[in-house]
Structures are given as C-alpha cells and as structure tokens.
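Peer 1: sequence first, then the predicted structure:
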Amino acid sequence: MNHWLILPILLPALVAPLIALAVRHDIVLARTFSLLSAGLLLVLGLILFAMAAQGEILTYALGNWAAPFGIVLVLDRLSALMLVLTAGLGCVVLLYAISGWDQRGAHFHSLFQFQLMGLNGAFLTGDLFNLFVFFEVLLIASYGLMVHGGGAMRVRAGVQYVVVNLVGSTLFLIAVGLLYGVTGTLNMADLAQRVPDVPAGDRALLEVGALLLLLVFGIKAALVPVQFWLPGTYAHAPAPIAALFAIMTKVGAYSIIRVYTLVFGPGESAAASTFAGPWLLPAALVTLLVGMLGVLGARALGQMVSFAVIGSMGTLLAAVALFTPEAMAAALYYLVHSTLAAGALFLIVDLLSERRPGYGDTLTVAPRFAQGGLIAGAFFAGAIAMAGMPPLSGFIGKLLILDAVREAPWASTIWILILGTSLLGIIGFARGGSTLFWKSASVPGNFQAGQAAAGLPFVAVGLLLAGLVLATVFAGPLTGFLDQAATQLFEPARYIEAVLRRETGGD
Amino acid sequence: MLTALFAIAVSALLAPALSARMDDRAGWFLALAPLGAFAWFVSCIPTVAVGGVVTESIAWVPALGIDVAMRLDGLSLLFALLITGIGTLIVLYAGAYLSDHHHLGRFYAYLLVFMMAMLGLVLADDLIAMFVFWELTSVASFLLIAFQHEKSVSRRAALQALLITGGGGLALLAGLVLLGIAGEAWRFSELDVAAVEAHGLYYGIMVLVLIGCFTKSAQIPFHLWLPNAMNAPTPVSAYLHSATMVKAGVYLLARLNPVMGGEGGWSDVLVLVGASTAVVGAVLAIRQTDLKRLLAYTTVTVLGQLTMLIGTNTTYGLQAFVLFLLAHSLYKGALFMAVGAVDHATGTRELAKLGGLIRFMPLTGAAVALAAFSNAGLPPFFGFIAKEFAYAGLIEMGVTGWIVTAVMVVTNALLLAAAGLVFIRTFLGARGHYPREPHEVPMPMWLGPMLLAIGGFVLGAWHHWPETWLINAAVQAVARGAVDVNLYLWGGVTPAVVASLLTVGLGVLFYGFRHAVRRHIARWRVFWGVSGDLIWDRLLKRLFRFAGMLASGWQHGSLRLHLILLGLVLSSTVFVGLGVGGEPLLGAGAHPAGAVSPLSLPGVVGCLLALAGAGAAAVMRGRLALVTALGASGLGLALFFLAVNAPDVATTQLMVETLTVVFLALVLRKLPSIPGAAPEGRGARATHLLVSVFFGAAVALALIVAVNLPLAGNISEWYLQNSYPGGKGGNVVNVILVDFRAFDTLGEIVVVALAALAAATLLGGGEHTEMTRRGQPEFDSVLLRQAVRPLAGLLVLVSLVLLWRGHNLPGGGFIGGLVAATGFILVVLTFGNYPARALMRLRPTLLVGAGLSCAVGAGLLGLMAGEPFLTGLWIFPLGLPLGTPLLFDMGVFLTVFGSVMHMMQRIAGRAT
C-alpha cells in the first residue's frame, strides 16, 4: 500500500485545525505552519508526480475496503499534474497573502489549508460521491476565504457565489443519485465498467445524470450559460484568493475531463458515450466568445481578468470537447498556462488597487503610484500571456490547440473563434493597460506610498510569471509529459484494471 | 546567429541599468551588440554570395515539430545587414536625440528588443518561430509608438497599430499553420511547392497570409496606422516604420513568393494592391505640410511599389525589388534621421516655417541632399538603378504592365516632388521662422544619415560590388527559378529610360506647381473626410459599447435572475436528457417483489405535510411565517422517512429541521427588517411560479423514473452482508458512515465545521469582543427554567446513548451531536448565553477541533498499524467490540455538537 497518496489530503487536514486552535492568535506561527504545509505539499506533489510519470496508475483503498465498496484514491498523470499545480499556486498565493492580506479577517490560514485539502481530494479521489464531498469542502472553504476581510460588496458577491454553488451541489447530489439508481455504484472505475451495459430502457436516466453532471462541472468551470457567477465573485474576492481561485475553475475542467473520458468516455465501446459530450463544444465556444467580449467591456481590471478566465475556460474546454488525445494534451498545456496566467494577473490587480486608494482597480485615470513601472511591466507580461500573444505560453497553448483541432468537424469555427477572440483579448488588455498605466501618467500628482513596499508580493508575482516563462521555454518536455497524460486518459481500461484489480484478490 | 540574437537581447536587458549609470554615453556600449552582429553578417557575405546558406537550430516544441531554426540565405542576409547596420546607427542616434529623456534606458531596451525580434524574423526558417518574432515586433512597436505615452495621440496610434498588425498577425498565424500542413513541413526552406499548390485550401492560405503581410506593410486598406505611428520619437520612425519593421510584410511576401507565386492569382493581387497603395500614398504625401508625415506617406508609397514588384515576378521586377528595398532603406532611414535632427535643432517640422537651413546645419544638409537624390531616382544614385529596373520589370509584364507603368510614372514623379520639398524647401532658400535658434546637431545625429546617404551613392556608382555580393543571392531567394542578375546604370535607350525621363520631367513640373497640385488634391476633401481614421474611431467605440453592454448584462447583480436562469437551464437539461433516452420512461410493474410500499398512513401524512408546508412557504408573507412553513415541510419529510423504515435518516432530518427553525427564527428576529425588498409585480411572481413548477416537475420526473428501477449491482447487498463481520456493527447505515465510507464522513464533518466558522465570521464580531457575554435569555420564564434543566440533561444523556448504540441500532455520532446541541440550545434560550457558556466550560471551537482531531486520529491509528488510512482496528475487552470506528464516531459527535454550539453562541450572544 502506497501511503504517499493520502498525504496531500491528510497534511492540510491536520495543519488546518492546528492553526485554527493552537496558533490562531500568533500570526507568525500561523504563517509558518501554513507556508510549511504548502511547501511540503509541493514537495509531496513533486514526489507523486515522479511516481505517476512512470506510467503506472496507483491506488489507495481507504479503510482497506476494496473498490467499489470502499472509497479509493487514484493517482494517474493528470491527478499528479493537478496536485503539483495546486501546491505551486498555493505556495505563491500564500507568499503574497502573508504580507498583510491574511490579517484582515479570522482564520485565513486554516481556511486556506482546508481549501488545499479540498482541491487535493477532488483531484485524487476515484469515487463520484467522494468527489461531491470534496466539492463541498472546497466550496465552503472558498466561501470563507471569499468573504475574508468583509465589506458589503464582498459579502453580497459571496452570498451569490455560495447560493449558486449550493444549487450546483444539490444538482450534483441528484445526478449522483440518478447514476447510482441506474448503475448501482459510485466508484468511477466501476461506473465506467457498468455504463455500457445499462439496458436501453434505462438510458434516459443515464443521459440525464450525465447531462446534470456536465452542468454541475460547468458551473464550477464557468461554462456558458452557467458562468454568470464568476466575474462578480472573482472581482470582489480578495485578490490573493481570486488568484487561488484560478485553480478552482480548473477543478470543473478536471472533473469534466475525468468523468467524460472515463465514465461516459468515447472509450472502447461506442455504447458508453452519452450525448452529453457533444454539448460541450458549442457551450465552450460560446463561453470563449462571451468571456473575451467581457474583457473588452470590463470596467475594472479585476473584472477584466475574470472575463479573461471565462474566455480561457472556453478555449480549454473547446479543446477538451474534441476528446482526442492530441486535443487533450493541448488542453492540458493550456490548463497549466491559464492557471498561472490568471493567478499572476489577479495578484497584479491587487498590487494595483492597493496603491490607488479611492480608485481601486477601476479603469479610470488616477495619479501615479509607487512602483508603477514594475507593476506595468508585470501586467504587460501577464496580459501577453493571457491574450495568447507570442512569445509566452499562451501562444503555444493556442497553437497546440489549433493544431490539434484541425481534423475536427468544427475546425474552421474553432479556429476563427480562437484567433478572433485573441484579438478581442489583445484590444481589451491593451486598452486597459493603456488607461491604467499610460493615461494616468499624464495626470499630475502622486499617491503617497501608503504602506511600506514589501518585496514578497513582487516575488510572488515574479514566480508566477517565471512559471509562464518556464512553461514556454520547456514547452518540449512539458508537452511530452502531457501527451502521455492524455494518452493515459484515453486508455480507461488500464484505469479500471488498476482500481478494481483488488476485487478478486480480497482484502 | 542565435548568438547575435542573444547578445542583442542581453544588451536590451542591460540597457536600463547601463543608461542609469552612464547617461547618454550608454548608447556607445549598447551599439556594440548590433555592431558585432553586423560584422558577423558581413563576414558571412562570401559564403552566401556563392549560394551557400548558414543554418542553426535548437529544438523547442517537438510535439508540433517546432524548432528555433535559423537559416541565412541571400534575402535574410540583406535584411540582417540592414537591421543590424541601421540599428547600430539608430542606437547612437537615439542616445543623442533623447539625451534628456528620463526613460532613455527603457527606450533602449524596447529598441533592442525590437531589433532582436526583427532579426529573428528575417533569420527564422521555422514558420512558427518566424511568427513569434513577427508578433514580438508588433509588441515592441506598440511600446515604442506609445513611448511618449502622456500624449493621447501616441496612445491611440499605438493601440491602432497593435490592433491592425496584431489582427493581421492572427490571420497570418492561421495561414502559416495551414501552410505548414499543406506544405508538409514547418520550414520555409522545406515547403513542398507542388503540395501547397494542389492543396484544397490554397486560396484560404493565400488570403490569410496576404492579410498578415498587408497589415504589417501598411497596404491599402490597412495603411491607416503607419502615418499615425509617426507620433513615436523619430529614431523609432526611422528604424521601425520605414527601414525595417514595415518591410517585414514585404519580406514575408518575398520569402513566400517561390512557394505561393504560381498561377493562383498571387501576382495579380500583389500588383493590384501594391499599385493602389502606391498611388494613394503618393497623393496623400504631397498634401502633407509636416515633414515627418510627408515621409510617412512616401513610405506607404514605396511599400506599395515593393509589393507590386514582387507581384511582377519578372526578371527585372525581382531585381528591382531587391534593389529598391536596399535603396529605400538607405535613403529613407537617412531622411528620417535628418528630419529628426532638423526637428531637434529648430523645434519645428512644418514646411512653411523651414528654409535656408544649409547655413546652420551643413552636414545634415549634405546627407539630406545625397539621400534626396537617391530618393528622386537620379543617376548615378542607387535609387536610379532601382527605378530603372522597376520600369523594366513592369514593362516586361505586357499590357497590364504598361498601365501600371503609367501609374508608377505619376507616383514616382510625386515622390520626386516630395524629395524636392524635403531638401530644397528645407535647406535652401530664405531663412525660415524657427521657434529656436538652429544649430548643427551632435556627431551621433548626423553620422547616421551621412553614412546611409553615402551608402546610397557608393552602391549606385560602383554597382558591381553589390551585384556580386548581395543582390544576386537575394534575388535568387525571391525568385521561383534562377534569375540572371546584371546591374547597369546605362543600358541604351530602352522604354525604361524613357519612363525615367518622363518621371523626372513630371516631377519637376509637380514641384514647380506644387501649390496648384495641392489645391487640386484638396478639392476632394469629401473623400478625405470619410478616410479610415474616423471610421476606425467609430467602429472601435461601438465595439467597446457593445462589449460593455454584454458584460454588464451578465453582471446585473440580481441573484434572483441568476437563479431563474439556473433553474431554467437545469430543468431543460433534465427534460432534454429524458427526451433523448427515447425508451418508455416508466416501465410498468418494474417493482421488485418484496419492496416496501411507501403507501402507509404516516407516509401519506408526511407527504401531505411536506407539500402543504412548501405551498405555504410560497404563498405566505412575513419571515417567521416562512420559517414555520418550511419547518412543517421538513417535519413532514421526517415523518415520511420514518414511514419507509429509515429511522436514522428520519431522526437526522428531524433534528436538522428543528435546529434550522431555531436558528432561522433567531437570526430573523435579530436582523433589522429589510426595507422594501424589491416589491414584486404580478408578472414577476408568475414567472417565479412557472420556473419553480418547471424545475420541480423536472426533478420529480427524474426521481420518479429513477426509483422505479430496480437497483442495479450488488453493492448494497455487499454492505448488508459485510456490515457485521467486517464492520462489527449491526446498523449498516452507521457502519457505512464510520467505516466503509468514513472518508466521506470525514469530509462532511470538515464541511460542517467550516460552515460553522464561516457563518460565525458572517455573524460578525471577533473572538475578543464582549458580545458573547451580553446575551439575554430568549424565554424568560420561571416555569421553563425549572423544566429545562432536567430536560437538557436528559437530552445530553440521550445523545450519549445514541452515540454508543449507533453502531448497532439507529443512532450514531451525527444524530447524537445534534441531540446534545438541542439540549444546550434549550439552556441558552432559557438562561441566556452566558450561563450556558459557564455550564459548558469549553469553547465550542475547541470542541470542533477536538472532534476533527478525534476523527482524523482514528484514521491515523490505522495508518500507524501499517494499514491504509481509516482502516478499522478492533479490540475486544470483555467481549465488547471497541474499535477505531467508534473513536471516529465520537469525533463526528464532537464536531457536530461544537459547530452547532459555536453558531448558537454567536447568534445568541449578539446584541439585538
């Protein structure tokens, strides 16, 4: 039994209550524990990544109850990638937050750890109901983080966020119930095995379940028409949290990838594939368009980045929707890229609004502020990445997607939309940056440097931008790994065999 | 080559620091990198001139077959020499021109980045790598145009340039990827010409590539941005917008000419667009009174002519292309730099104010004279040979060629007049009216124009040297087949010579009657009025407004509308899903034998109660009434669960409902009444009703269908069989919760704990406020005080019993925790918060923490025993089964209890 698999969930689950109870009045200790935990998670993630890179799918039966009766954790290349990404982003965001944000409300660090626990759990679990549970964990933790620091607008946006997502959770529960009713199992590998054998009379329910699940994951992934909660939420959340949320939309994308390649996947048997999959592509393309138009129309930088996140989810899911290994590899590359880019941009939004008291991140002209040049440069890099301009990783991601979809039936539509919306993104970001950094330079006066210019936030932003550069420079090895990860996803038989092999061996 | 790129990139990085340390002398150091690169490229001339190529390559994205591949052939070499050579001079020039600008370092950095990108563009053999550099030049140009970003014209011009060239770039990207696919290679040098021509998307590729090239090289109708881009500092205009970047489009056209220049209409399009651009540019140029804008429009003209020359695809035409390219870069670079020098020295660029400058600026004047001669195409300057060959090339084309030649004669005459304006009007004649006293500019500022202008003379007069070493190899790279290159100044009386003479004559006429010409042109004011600039502004404004509407349309901030949308999407999804299944939905009589019929009396009553409660909640007004109605509905459900033999679920439901009602009532009582919560119209209520019914029907239908099926699979049976032997418990629900699927439960108690924490945060008040001490009893009655004490004690006792027996009989940690909390809540309500706290002694958060630790600890014990996390370990003291699942259940108990109490204390402790 490979106990490494449980650690990414267990570690934050232990650290979070510890921080909440023992060191909650000592911010230094809380920060230390929190950072240590995040750092260890990154190390763990890398270890697991190395294990998964071997190609074997590792499993962990909780309570020693064999799947499909007990709950099982599963580590494949995709999970490992998501773990590393989560931990990396978590570390950076934490670095940013400990220079002040974490003191603006209670329980920041324990909520943060619980959030990491929820994310790691969602990426590791091999059980549909358990996925629901971890969705709940990360929802409630993210809600706590989202209203961190208070403020009327934030709480209002928080209520919207939590209500919409609670509806989503209810839906998840209904969908899981329906699927359980049809197949009698909750284990994803077992589901994958049974779905093809569902009698024709029960297919309708299966379709409903599959569609509802798509909707649930779509809510998380901000897919049109259920994307509306995102801009309000992200733009009002504390910026470091918005940066962490860059991975939250990816949970939705991850779940779609996992469930629709494994359970309802195209798989070996055609009978298994439901018609939920085909809905994904048009929805994703509309999402892309809506997001990028939003970038153009946004009135504040935070809102602009939020819309860009929606747009990037559209791009990502459009590639996913083709369900071919090549497109999937491209989508995964784009996933890594857009997580880092969105994280960096949200942090930059915060750097900006912290320095413009009274103006915040609204796209209006304001007097000059401290470190304007540095922030402008960082924004410039982040915007280039997000808009998908060369030379940063956004470009490679889009190129990979363009290349991968060229055989697809909708290829020309996808091409036109991806390229056209890139232009919208470029205009939007160029205009935003031009107003914030250039037009403002013509206004007389300076903001007094309100707070001491701490270095850590810049280190955090720099790390994320460095991540983008690395993803660009080492695009070769990275795409190599992602190719393998995508191939693994399209061999569900190996996943099923890895999860259920203990069934015969007994426990 | 990669080293050259790297060196320039490094000097770009060093530029800000260097220029902060050593002011304008930094330019001399920074010029070393391009100068070194220039020297290296010069050393490559012998290799390339005899048809050799130099290649370098490193792998980048093998998944796409993308390498950073460099290939130096004749065309690349010519461009590389221009880029690095003029680049060196520009860096020096910029140091003097912007010596007092406080962001000079940044300027150097942008300029060097651009240089690196441009060099990469012309050297790259890989389609995608070329594109990366291509876009980088757009980005660098964006930054450079907006360098003086305090001015709104600069910002606008920068955005416009980025948008047009960036948009074209995206089209180009599509074109290049398709080209790579069609040509079965990602290298320019390896594209399969036959395959490309035979490919079904040949025209698509052509259009996309042409859009990219035309936007970059400012061809009609994309020429708008170039004159506006002249708002950039002069070194930028000289370097990017006349000598190098705008030629990138032309470069790519030339590069692809061997591949695309077959019979597919490529030539016709190039000739047509190029010729129109040339005419429009020339006509617009002569209108200008600002020297720099005048030069800008002549650049548009030349770009048009270059495009056209590629399109001729004739021996002379292609030679003329290369010659003209070189000639233009030399003289236009010189002219721009000189105009910048004039501006710098006199403070104006208005033609009307200039004149007689030769007395003050003899060196600049000499450079301008030389450059203007070349520009005018007079012998023996290089420009003359270029023009001569251009005519020859056009005439070679036949009838179209003659027509185009006639057009070109007129435009060239206009160019000649423009050249005359630049030199004669500015440097000769009477002294102009200058804002400041003119003076000769420092050496770095006249050196560049001088060297370039002399170059134009030398290359023309001694034309055998360029023919052998430069032109030949470049022409071969552009042409589809081998071309015989032979330069001459005088080839006898050919039609081309006649055309040249005509041009000069017309040009002199135009210059002489320039005022009349201008007047004539000005008459078409209506025509200029609708020129692209205005359309552009309006279009962009509309686009932004539309996007803004769309963005705010989604962000109306009304949760109710969001939920309506969500409800509709959801219900439609269900119906669509059920519809597509296609099979009969309700298999008649599918009930397995022995199933419990839900039709019992308590069941029916429960259902009715639940329905009535829900209905009442929808109809009734007032917050407390709402809570009561919902409570009744929940109670009905609990009754129903009991009726279908689910005691655990029923008890839990009962407790949760009770607590919910208590909490809601308390919270609502304490909340200030919300004034005017959006008075709803009849229509809105009807909509809500419809959506609700639709939603309810959808979910109900799905569930009815679902429960109608026999449960597939053997999992529930397995649970029943293994509950006692494996989980040591008779209550299978509890065994599932604390053993089989304890991991789920662990997650859920984390959720409960977090929800309590989050709710407490929302309820406000830090840990240290005195709020919690102030709570008053809700029911201040003596009778209650007497009764509640034992009742609460009893409830706590019951909860412990429930916890203990839960493993075998209905009960368990979750229910137990809820019951215990109910007991304490009674105490709080009766005695007030403070006494309740005293009674409990422990802080609720501590209980929550202890509970979580207990549950996780129970799992860890399994881990310590070498088994997986949460594995049950059992001991049997006195035959009593004690195991870690019990410990786990205790954790659940404590967490639930603590969480409820935490919220309760916050609510009760809040001052009303």
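Peer 2: Yep, that arrived.

Peer 1: burial count for the residue lying closest to B:Val193 once chain neighbours are set aside?
Peer 2: Excluding its sequence neighbours, the residue lying closest to B:Val193 (CB to CB, 6 or more residues apart in numbering or on different chains) is B:Val259, at 5.4 Å. Heads up, the C-betas are built off the backbone N, CA and C, glycines and all. B:Val259 has 20 neighbouring residues, counting by other CB atoms under 10 Å in any protein chain shown.

Peer 1: please identify which helix or strand holds B:Val259.
Peer 2: Element membership of B:Val259 [criterion: DSSP states H and E] is helix B:247-260.

Peer 1: the residue nearest to B:Val193 contacts B:Ala195, doesn't it?
Peer 2: No - counting by CB atoms under 8 Å, B:Val259 stays clear of B:Ala195, with 10.0 Å between them.

Peer 1: find residues that contact each of these two.
Peer 2: Shared contacts of B:Val259 and B:Ala195 (CB atoms under 8 Å, 6 or more residues apart in numbering or on different chains): B:Gly183.

Peer 1: next, count neighbours for the closest residue to chain B within chain A.
Peer 2: Nearest to chain B, among the residues of chain A, is A:Ala204, at 2.1 Å (CB to the nearest CB). For A:Ala204, the tally of surrounding residues (other CB under 10 Å) stands at 21.

Peer 1: confirm that it sits in a helix.
Peer 2: Yes - counting by DSSP: H, G, I helix; E, B strand; the rest coil, A:Ala204 is found in a helix.

Peer 1: so for it, what's the pLDDT?
Peer 2: On pLDDT, A:Ala204 comes in at 78.

Peer 1: ditto for B:Trp524
Peer 2: In this model, B:Trp524 is scored at 67, pLDDT.

Peer 1: and A:Thr287, by the same measure?
Peer 2: Note for A:Thr287: predicted pLDDT of 92.

Peer 1: just to revisit the earlier point, which helices and strands sit right next to the next helix-or-strand element following the helix holding B:Val259?
Peer 2: Where DSSP H and E defines the elements, the next helix or strand beyond helix B:247-260 is helix B:266-287. Applying 3 or more CB pairs under 8 Å, 6 or more residues apart in numbering or on different chains; DSSP states H and E, we find helix B:266-287 packed against helix B:202-216, helix B:247-260, helix B:291-312, helix B:399-420, helix B:514-523.

Peer 1: alpha carbons of the second one, as PDB, please.
Peer 2: Extracted in PDB, the C-alpha atoms of helix B:247-260 (Å, rounded to 0.1, in the frame of the first residue of the first chain):
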ATOM      1  CA  LYS B 247       9.300  45.700 -44.500                       C
ATOM      2  CA  ALA B 248       8.600  42.600 -42.600                       C
ATOM      3  CA  GLY B 249       5.400  42.100 -44.600                       C
ATOM      4  CA  VAL B 250       7.300  42.700 -47.800                       C
ATOM      5  CA  TYR B 251      10.000  40.300 -46.600                       C
ATOM      6  CA  LEU B 252       7.400  37.500 -46.000                       C
ATOM      7  CA  LEU B 253       5.800  38.100 -49.400                       C
ATOM      8  CA  ALA B 254       9.300  37.800 -50.900                       C
ATOM      9  CA  ARG B 255      10.000  34.700 -48.800                       C
ATOM     10  CA  LEU B 256       6.800  33.000 -49.800                       C
ATOM     11  CA  ASN B 257       7.000  34.100 -53.400                       C
ATOM     12  CA  PRO B 258       8.700  30.900 -54.600                       C
ATOM     13  CA  VAL B 259       6.100  28.900 -52.800                       C
ATOM     14  CA  MET B 260       2.900  30.800 -53.400                       C
END
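
Peer 1: avg pLDDT for it?
Peer 2: 88.

Peer 1: cool, stretch B:356-373 as well?
Peer 2: Stretch B:356-373 shows an average pLDDT of 83 in the prediction.

Peer 1: may I have that stretch exported as CSV, CA atoms only?
Peer 2: The C-alpha trace of stretch B:356-373 is given here as CSV (Å, rounded to 0.1, in the frame of the first residue of the first chain):
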residue,chain,number,x,y,z
GLY,B,356,17.7,78.0,-45.6
LEU,B,357,18.9,75.5,-43.0
ILE,B,358,22.0,74.6,-45.0
ARG,B,359,23.8,77.5,-43.4
PHE,B,360,23.2,76.2,-39.9
MET,B,361,23.3,72.5,-40.5
PRO,B,362,25.7,71.9,-43.4
LEU,B,363,26.5,68.2,-42.5
THR,B,364,22.8,67.2,-42.1
GLY,B,365,22.0,69.2,-45.2
ALA,B,366,24.6,67.3,-47.2
ALA,B,367,23.3,64.0,-46.0
VAL,B,368,19.8,65.0,-47.0
ALA,B,369,20.9,66.1,-50.4
LEU,B,370,22.5,62.8,-51.1
ALA,B,371,19.5,60.9,-49.8
ALA,B,372,17.0,63.0,-51.7
PHE,B,373,18.9,62.4,-54.9
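
Peer 1: need the contact list for the residue in the stretch 401-550 of chain B that chain A sits nearest to.
Peer 2: Chain A sits closest to B:Ala547 of the stretch 401-550 of chain B, with a gap of 3.2 Å, by CB to the nearest CB. Taking CB under 8 Å, 6+ apart, we find B:Ala547 in contact with A:Leu293, A:Gly294, A:Val295, A:Leu296, A:Gly297, A:Leu424, A:Gly428.

Peer 1: and the second one, what pLDDT?
Peer 2: A:Gly294 carries a pLDDT value of 89.

Peer 1: what's the closest non-adjacent residue to it?
Peer 2: Excluding its sequence neighbours, the residue lying closest to A:Gly294 (CB to CB, 6+ apart) is A:Phe307, at 3.0 Å.

Peer 1: any idea which helix or strand carries the one you found?
Peer 2: Element membership of A:Phe307, judged by DSSP H and E, is helix A:301-320.

Peer 1: between the following helix or strand past that helix and helix A:301-320, how many degrees?
Peer 2: Toward the C-terminus, helix A:301-320 is succeeded by helix A:325-355 as the next helix or strand (DSSP H and E). With axes from the mean of the first three to the mean of the last three CA atoms, to 10 degrees defining the directions, helix A:325-355 sits at 180 degrees from helix A:301-320.

Peer 1: tell me where chain A has strands.
Peer 2: For chain A, the strands defined by DSSP state E occupy A:58-61, A:72-75.
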